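Peer 1: return a 3D structure for these sequence lines:
(2 chains)
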Amino acid sequence: MMRALLASPRLRNWFYGYAPPERGTVVLGHRRVYIVPTRLGWIYAATLGILLVGSINYALQLGFALTFVLAGTAIAAMVHTTRNLARLAVSAGRADPVFGGEEAQFRLLLDNRARYDRPALLVRQVDSGSQLVLDVAAGALGEAVLAVRARKRGWLPLGRVMLETRFPLGLFRAWSYVEPDARCLVYPRPERTPLPAPAADAAAGAARAQTLGNDDFSGLRTYQLSDSPRHVAWKAAARSDDMLTKQFSGAAGVELWLDWSLLAGAAGPEQRLSRLAAWVLAAELTGAAYGLRMPGLELAPGRGDAHSTTCLQALALYRCA
Amino acid sequence: MKVAHPLAPELRAVSLRDLGGLLLALLLVAGPHALRMPWWLSLLTLGLYGWRTQLALARAALPSRWLLLAVAALALAAVFFEYRTLFGRTPGIVLLVLFSGLKLLEMRTHRDGAVVAFLCYFLIMTNLLYTQSIPTAALMCAALLAVNCTLVGFAAPRRSMRANLRTAGLLLAHAAPAALVLFLLFPRVQGPLWGLPQDAYSGITGLSDTMSPGNLSQLAQSDAVAFRAEFQGETPAPRQRYWRGPVLWDFDGRTWSMGQNWLERFEPPRGEGRFEYVVTLEVHNRTWLFALETAASLPERARLTSDGMIVSALPVRGRLRYAVVSLADAQTGQNERGGALERALALPEGGNPRARALAAQWRLGAQDDAEVLLRAIDFFRGAALSYTLEPPLLGRDPVDEFLFDTRAGFCEHFSSAFVYMMRAAGVPARVVTGYQGGEVNTVDRIITVRQSDAHAWAEAYLPGRGWIRLDPTAAAIPGRIESGLARAVRQGEPVPLLLRPQLEWLRSARYNWEALAHRWNVMVLGYSPERQRDLMSSLGMRDADWRSMTAAMASALGAFTLLLLAWSLRRLVRPDPVQRAWRSFCRKLGARGVVRAPHEGPHDYAERAAHRLPAAAAAIEAIAALYLIARYGRAASREQVAELKQRVRALRLA
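Peer 2: Prediction:
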């Protein structure tokens, strides 16, 4: 019954007291922390029942005291379990883009602003089941990395995350759901049989493309911040104090167009995007300048990490007509 | 998606630290039992604990189920061999202790560990069947702390033991108020819910309804407290402290027994020397109650027998408190029934020829019974009898052998011989048992009477005067009454430790301790349904029944839980005044629709706000500037902080 009710997202959101996604830092209020006895808690309660009956039957005043201290301990444990979770500040950290089929690594920051430890916090991404147990000391910041498999390109939201604790006695289970506004960009999954772009491109009449592949190393220049680490002359850098960047003569003059229309033979738009993503990676490796041309979108040729990221982002977020 | 739950106890393996905590807890809770159990069964339990420890240290696999079953069968057989049964209180508890070792041997996960922890609670409870003293309570607290610390360790395995111990202590401290509320208000019901096991009151020492040579001197070697008496006003002198118990009429040549007696309508005697006091009687599983001779009032719901014994309707199975008034000099039984007097003259046929001859001799020259009495007392004074806790065994004519051959005995010999002689001389007489003496605690003036004060004396009937008390032991050994048992017997006899006069310093420490123990007995262990009603009426709830008490308990518990919640809701970390002023500033602007974006710094935010609210632009910019100085500036002065606060407070946004 409850389960059926909570299957509806709106009802669920009302019940759990929040509407996703939640921006910024989420502080788990008491209203959002739920608590029920665990199976161990029920066994404890049964134990107390037996102890109470024994105390009554044998008129053991100290037995009453024992039973009632244990009952008081259960009440205190309930409050302590809630306290272990309540008012924990949860915020989402950076999630680096991944390719489709990989696992997105979401960082969740648990900020313990209290003066007490919060041991044994279970953080679990509800859908993927990715989970870990974290101890967050008083005033400390804990980081949980949750892996979620990226199946489709585009934005991947983190989704619902459950925080749970049974500290201190394991008699109660307190939990809370958060759905922080964290998302991870998923690039199209690169198709692993990348077709070399130039042959088709040459047919398009770009004569300059002929120099592609003759990318000869032409010399070194001083490293600049925007240079790709792949082009850093690491061996030379190790010998000298300066960082040096390798220059390629061929790359300077060549412009390579990675064109949507060249992939007419692909099975569908998603496969085209996959091949384009693979091309972007291949082209970046060659060091050539490459541009991306898609229906309704054209990115001028360029190279370097920033350019490849732009291209991959465009592919990830491309809306097929 | 279904995944294994990392917090589920059945999936978490017990670590070496967890095992250590449980072993410590078990030693604390099973220790008191082990001291009472047969030594070889205690050793067996310890062996099981050791086995488990060894397996854990060697990282070896736990024994197979079949091996464990075999060990369990062996334990059952051992208990059966010792007790010839598996049921009843003692064998049951011994089995529980043994099974704690067996459970350890199959403990793999935290779920099993929790079962052992709960078993510890039961072992604490079963120990309370034997003792509920202050040290027991202290041990109970220590054991609870150990068990709870282990459970906290299960929940937080990576946290330091010291931090976990602190948490366990905090839990106990937080549990205390709720426990107190429950203890005071939980409705108490009288009496057992079902029949207690046969052996529930075994091993309780105390006077019995018979007396034969040797059983009082056995009892007198026990230190156990029989009862305590708190006097209002004067305490009686040692020679006045005759606490009357069972009266023995019938003699079969060896054993005196109570025989039949009748309840009588109580008529308060008249006399001098009034003492008012409250007796706290320990459990003795008999119906009679003790009071100073001669009781002038009866405790509630108690009756008096025709021979002056106070009896309650049910055996005393819980510590009992009652108020009594006694008179030191009062006469009773002036109009004794003829049947009773005949009974007080009956002797078995034959035996003890020398005693009978002597009694006949007393009778011959005497004018009346009183003169016979005087002669008998003279005889006991001059007979050079000695007093001993280890009386020699007596043969077929015990009175003759005691009076004329061995000449050494305990009060049962003295009283028995005296009453025998009286009857032989034709004077109605009976044996009275009870306690004589008791020790006055110099701290709280309470008289503690122990089993070692057990005594027997005699009563003889004189026409016109009624029953009068005669203590042949006092006549023969005057020191017994004035200075107690320890000085009356010879050096080197097994006097209970606490009675030995050499240990004076120990005695004063003991007085303090006993005063405390008495308060504990009265206040905590003596918390009865009556006391609970008294408490409720002093709280303004007259005639509180279980419903109103449950309601009071529930509301007090609820209030306590709310208090605890409020404690957990305390402000986490109070922001500094600068931060508070800034937040209030942001709230004020937010109410006007200028909400600070998370990425927005103070400067940008103020600029945007000033743009949106030109009327207050100057004030907004001033506040932002002050905030930047106060928060990030190198040395913000107190005045600047004050100004910031003042300005934020004064900020009016139209």
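
Peer 1: quote the end-to-end distance of stretch B:515-533.
Peer 2: Chord length of stretch B:515-533, first to last residue, is 25 Å (CA to CA, to the nearest Å).

Peer 1: ignore what I typed, I meant stretch B:432-443.
Peer 2: End to end - CA to CA - stretch B:432-443 spans 32 Å.

Peer 1: any idea how far it is from the chain center?
Peer 2: Distance, stretch centre to chain centre, for stretch B:432-443: 21 Å (CA atoms, centre = their mean, to the nearest Å).

Peer 1: tell me the mean pLDDT for that stretch?
Peer 2: Mean per-residue pLDDT for stretch B:432-443: 87.

Peer 1: got the buried residues for that stretch?
Peer 2: B:432-441 (16 or more other CB atoms under 10 Å in any protein chain shown). Heads up, the C-betas are built off the backbone N, CA and C, glycines and all.

Peer 1: for chain A, give me its nearest residue in the stretch 201-350 of chain B.
Peer 2: Closest to chain A within the stretch 201-350 of chain B is B:Gly318: 5.1 Å, counting by CB to the nearest CB.

Peer 1: that residue contacts B:His284, correct?
Peer 2: No: contact criterion CB atoms under 8 Å: B:Gly318 and B:His284 do not qualify, at 11.0 Å.

Peer 1: show me the longest helix that occurs in chain A.
Peer 2: helix A:61-85 (DSSP state H).

Peer 1: in which helix or strand does residue 173 reside?
Peer 2: Chain wasn't specified; assuming chain A. strand A:172-178 (DSSP states H and E).

Peer 1: wait, chain B was what I had in mind.
Peer 2: helix B:161-185.

Peer 1: what residue ranges in chain A score low on pLDDT?
Peer 2: Within chain A, the segments meeting pLDDT under 70 span A:1-10, A:12-21, A:192-221, A:246-254, A:266, A:321.

Peer 1: for chain B, what's the nearest residue on it?
Peer 2: A:Gly72 (3.2 Å).

Peer 1: compute the first-to-last residue distance for stretch A:32-48.
Peer 2: 30 Å.

Peer 1: any idea how far it is from the chain center?
Peer 2: The answer for stretch A:32-48 is 34 Å, by CA atoms, centre = their mean.

Peer 1: and if you look at stretch A:263-282?
Peer 2: Using CA atoms, centre = their mean, the offset of stretch A:263-282 from its chain centre is 25 Å.

Peer 1: cool, stretch B:170-187 as well?
Peer 2: Centre-to-centre, stretch B:170-187 and its host chain are 19 Å apart (CA atoms, centre = their mean).

Peer 1: distance of B:Phe122 relative to A:Ser130?
Peer 2: Distance of B:Phe122 to A:Ser130, computed by CB to CB, to the nearest Å: 41 Å.

Peer 1: ok, for the residue nearest to the spatial centre of chain B, nearest residue in space, not its chain neighbours?
Peer 2: Geometric centre of chain B, nearest residue: B:Gln132, 3.0 Å, by CA atoms, centre = their mean. Nearest residue to B:Gln132 in three dimensions, chain neighbours excluded: A:Leu62, at 4.2 Å (CB to CB, 6 or more residues apart in numbering or on different chains).

Peer 1: what do you get for B:Gly395?
Peer 2: Closest to B:Gly395 by CB to CB, 6+ apart is B:Glu401, at 5.8 Å.

Peer 1: using the three-state scheme, assign that neighbour.
Peer 2: helix (DSSP: H, G, I helix; E, B strand; the rest coil).

Peer 1: my guess is it meets B:Arg407, correct?
Peer 2: No: the pair B:Glu401 / B:Arg407 is not scored as a contact, 9.3 Å apart, by CB under 8 Å.

Peer 1: neighbour count: these two, which is higher?
Peer 2: B:Glu401 (22 against 15; other CB atoms under 10 Å in any protein chain shown).

Peer 1: quick one: that one from chain A, how far?
Peer 2: 46 Å (CB to the nearest CB, to the nearest Å).

Peer 1: tally of neighbours for the residue of the stretch 201-350 of chain B closest to chain A?
Peer 2: B:Gly318 has 17 nearby residues by other CB under 10 Å.

Peer 1: and it, that one's in a helix?
Peer 2: No: under three-state DSSP, B:Gly318 falls outside any helix and is assigned coil.

Peer 1: what's it sitting at in phi/psi?
Peer 2: phi -140, psi 160 (degrees, to the nearest 10).

Peer 1: mind pulling up the pLDDT for it?
Peer 2: 76.

Peer 1: tell me the contacts of it?
Peer 2: Counting by CB atoms under 8 Å, 6 or more residues apart in numbering or on different chains, B:Gly318 makes contact with A:59, B:283, B:528.
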